[in-house]
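*Asks:* Here is my input; please provide its structure:
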Amino acid sequence: MTKSILIKNATIVNENTTFIGDVLIENELIKEISSEIKTTKNVEIINAEGKYLIPGFIDDQVHFREPGLTHKATIATESRAAVAGGITTFIEMPNTVPQATTQNLLEDKFTIAAKDSYANYSFMFGGTNDNLEELLKTDPQKVAGIKLFLGSSTGNMLVDNEEILEKIFSSTKMIISVHCEDEATIRKNTQEFVDKYGDDVPVKYHPIIRSEEACYLSSSKAIALAKKTGARLHIFHVSTAKETELFRNDIPLEEKQITAEVCVHHLWFSDKDYAEKGTHIKWNPAVKTEKDRLGLWDALLDDRIDVLATDHAPHTLEEKTNVYTKAPSGGPLVQHAVTAILEKVKEGVISIEKAVEKMSHNPAKLFQIKNRGFIKEGYFADLVLIDTNKPQTVSKDNILYKCGWSPFEGTTFSSTITHTFVNGNLIYNNGVFNDEIKGKRITFNR
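*Replies:* As a prediction, the model looks like this:
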């Protein structure tokens, strides 16, 4: 049994309202929410006056690199960074070593997380050209979904057989999450630039190699297939303004068969940042133009894009500082995603209520996660306290990722996350971690 905790005088943000009140946590759950809760004995009191209390960020796309790539990251190191960053639940991708393309290999990852994860967790099952039978054994109540790579981000996980793709789309009612970039377009573009520059292609050409056309071709094709087959499709990391036209906002999220995600880096950076950041902001899909960045914000704000995520994908500095063709794509983001979005709240780009909707409420709705993502009585107490008047500068000495670097190094954010509760346990408190208690496997109302 966890001890009871009373959070007093917090500015609570939940379901498009903000109000000052108290939250009582008991036995992992939110017991009571009220304008004032009288204290009883045996309750730990946390004074949250002047701080925002939000439901923990549910990050629907991370790469924590375990098993097999643990020189870059582990479930322990990255989930620890995540809770320090206000992420209380993550959904991790199948492209580890070995890849999670059988039920046994998928369960191996759940076993590691049960032992090591600071945050709550689920994992996606990886679809390939030849594992449909295994894919169909995935339990919808216990596993977040199916992940397909429709672009070459990850070796032999590329599903490029049209017939098999249609079969997968037709055979499962689970959410199929896709990475959409057209392989033929990327190969052709890469070859042109390598012919000209050799391996040392200037990184500013990354968004021209992995172009708007490559993204749009793949996304529109996946959507057409979903409409044809009735599949439940979720498009990861939309990176172009053009793609946002493919999504609708005239029905509630719960009724959508086709949904979309945008990542923090595509909202924060644009191609003008390559000059300073180089391969540190080399992602797939690529960070594109300022017009794309603003178009993604528009789509997030008008609900064509449903959720915000990180696509946290660490590599070592040594790997990232390679020449263009050898520098892997991806970067670490879980520790600073919430504070980056709060910076945009401060700038007036997005309201805090809308930010919470996209980071917490909507991922819970989209994946039908049981009793998480909201500040509601009876729900798990996955909560985050934020001091919006406590600036912090990202530097090597306060980065928690195993890889030891961040694309945000040198950036000063106005806000600091002070407390993170996972299942009612205070896991992170002003820089101090509770290493004794681990997160839980999330379940789904399906």
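
*Asks:* Neighbours of residue 112, how many?
*Replies:* Applying other CB atoms under 10 Å, we find 18 residues neighbouring residue 112. C-beta here means a position set from N, CA and C on the backbone, and glycine is covered the same way.

*Asks:* I'd say it and residue 66 touch.
*Replies:* Yes: using CB atoms under 8 Å, residue 112 is in contact with residue 66, at 5.9 Å.

*Asks:* Find the residues that touch each one of those two.
*Replies:* residue 75 (CB atoms under 8 Å, 6 or more residues apart in numbering).

*Asks:* Look up phi and psi at residue 58.
*Replies:* When quoted as degrees, to the nearest 10, the phi and psi of residue 58 stand at phi -100, psi 110.

*Asks:* quick one, strands of the stretch 1-150 of the chain?
*Replies:* Using DSSP state E, counting those that start in this stretch, the strands of the stretch 1-150 of the chain run over residues 4-14, 17-26, 29-34, 43-47, 52-55, 57-62, 87-92, 120-126, 145-149.

*Asks:* Dump those into TSV; add distance to residue 159 and mean neighbour count as well.
*Replies:* Below are these laid out as TSV (distance: least, CB to CB, whole Å; neighbours: other CB atoms under 10 Å):
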stretch	distance to residue 159	mean neighbour count
strand 4-14	39	21
strand 17-26	42	18
strand 29-34	40	17
strand 43-47	47	14
strand 52-55	34	26
strand 57-62	17	30
strand 87-92	19	30
strand 120-126	9	26
strand 145-149	5	25
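
*Asks:* Out of those, the one nearest residue 164 is which?
*Replies:* For the strands of the stretch 1-150 of the chain, the distance to residue 164 is smallest for strand 145-149, at 10.1 Å, taking CB to CB.

*Asks:* Now do that closest one against strand 120-126, angle only.
*Replies:* Counting by axes from the mean of the first three to the mean of the last three CA atoms, to 10 degrees, strand 145-149 lies at 50 degrees to strand 120-126.

*Asks:* Strand 145-149 packs against which elements?
*Replies:* strand 120-126, helix 162-171, strand 175-179 (3 or more CB pairs under 8 Å, 6 or more residues apart in numbering; DSSP states H and E).

*Asks:* what's the least confident stretch among these?
*Replies:* Among the helices and strands packed on strand 145-149, helix 162-171 carries the lowest mean pLDDT, at a mean of 93.

*Asks:* Centre of the chain to that helix, how far?
*Replies:* Distance, stretch centre to chain centre, for helix 162-171: 26 Å (CA atoms, centre = their mean, to the nearest Å).

*Asks:* Offset the numbering so it begins at 31, please.
*Replies:* Okay, residue one is now 31; in that scheme the one you just asked about reads as helix 192-201.

*Asks:* returning to what we had before: as JSON lines, the strands of the stretch 31-180 of the chain with distance to residue 399 would be great.
*Replies:* Formatted as JSON lines, the strands of the stretch 31-180 of the chain follow (distance: least, CB to CB, whole Å):
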{"stretch": "strand 34-44", "distance to residue 399": "16"}
{"stretch": "strand 47-56", "distance to residue 399": "19"}
{"stretch": "strand 59-64", "distance to residue 399": "15"}
{"stretch": "strand 73-77", "distance to residue 399": "25"}
{"stretch": "strand 82-85", "distance to residue 399": "11"}
{"stretch": "strand 87-92", "distance to residue 399": "7"}
{"stretch": "strand 117-122", "distance to residue 399": "7"}
{"stretch": "strand 150-156", "distance to residue 399": "8"}
{"stretch": "strand 175-179", "distance to residue 399": "11"}
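
*Asks:* and of the ones you listed, who's closest to residue 111?
*Replies:* Proximity to residue 111 (CB to CB) singles out strand 117-122 among those, at 8.6 Å.

*Asks:* partners of that closest one in the sheet?
*Replies:* Here strand 117-122 has these sheet partners by DSSP bridges: strand 87-92 (parallel), strand 150-156 (parallel).

*Asks:* who does the lengthiest helix in the chain touch, helix- and strand-wise?
*Replies:* Longest helix of the chain, by residue count under DSSP state H: helix 242-259. Judged by 3+ CB pairs under 8 Å, 6+ apart, helix 242-259 is in contact with helix 192-201, helix 213-227, strand 262-265, helix 271-274, strand 288-293.

*Asks:* The same query, at a cut-off of 6 Å, please.
*Replies:* The helices and strands touching helix 242-259, judged by 3 or more CB pairs under 6 Å, 6 or more residues apart in numbering; DSSP states H and E, are helix 192-201, helix 213-227, helix 271-274.

*Asks:* circling back: mind checking the strands paired with strand 117-122 for the one nearest to residue 255?
*Replies:* Ranking the strands paired with strand 117-122 by proximity to residue 255 (CB to CB) places strand 150-156 first, at 18.4 Å.

*Asks:* Just the CA trace of that closest one, in PDB.
*Replies:* What follows is strand 150-156, C-alpha atoms only, in PDB (Å, rounded to 0.1, in the frame of the first residue of the first chain):
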ATOM      1  CA  ASN A 150       4.300   2.900 -17.000                       C
ATOM      2  CA  TYR A 151       4.800   1.100 -20.200                       C
ATOM      3  CA  SER A 152       3.600  -0.700 -23.200                       C
ATOM      4  CA  PHE A 153       5.300  -2.000 -26.400                       C
ATOM      5  CA  MET A 154       4.200  -2.300 -30.000                       C
ATOM      6  CA  PHE A 155       4.400  -5.500 -32.000                       C
ATOM      7  CA  GLY A 156       6.500  -5.200 -35.200                       C
END
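
*Asks:* Could you list the residues in contact with it?
*Replies:* 119-124, 129-131, 136, 139, 143, 168, 173-177, 187, 469-470, 472 (CB atoms under 6 Å, 6 or more residues apart in numbering).

*Asks:* Kindly report the same for stretch 298-309.
*Replies:* Here stretch 298-309 makes contact (CB under 6 Å, 6+ apart) with 233-234, 237, 311, 317, 319-320, 323, 350, 357, 370.

*Asks:* Tell me the buried residues in that stretch?
*Replies:* For stretch 298-309, a neighbour-count test (16 or more other CB atoms under 10 Å) marks 298-301, 303-304, 307-309 as buried.

*Asks:* Quick one: the helices and strands packed on strand 175-179 as CSV, columns for distance to residue 282 too.
*Replies:* Formatted as CSV, these follow (distance: least, CB to CB, whole Å):
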stretch, distance to residue 282
strand 150-156, 23
helix 192-201, 23
strand 205-209, 17
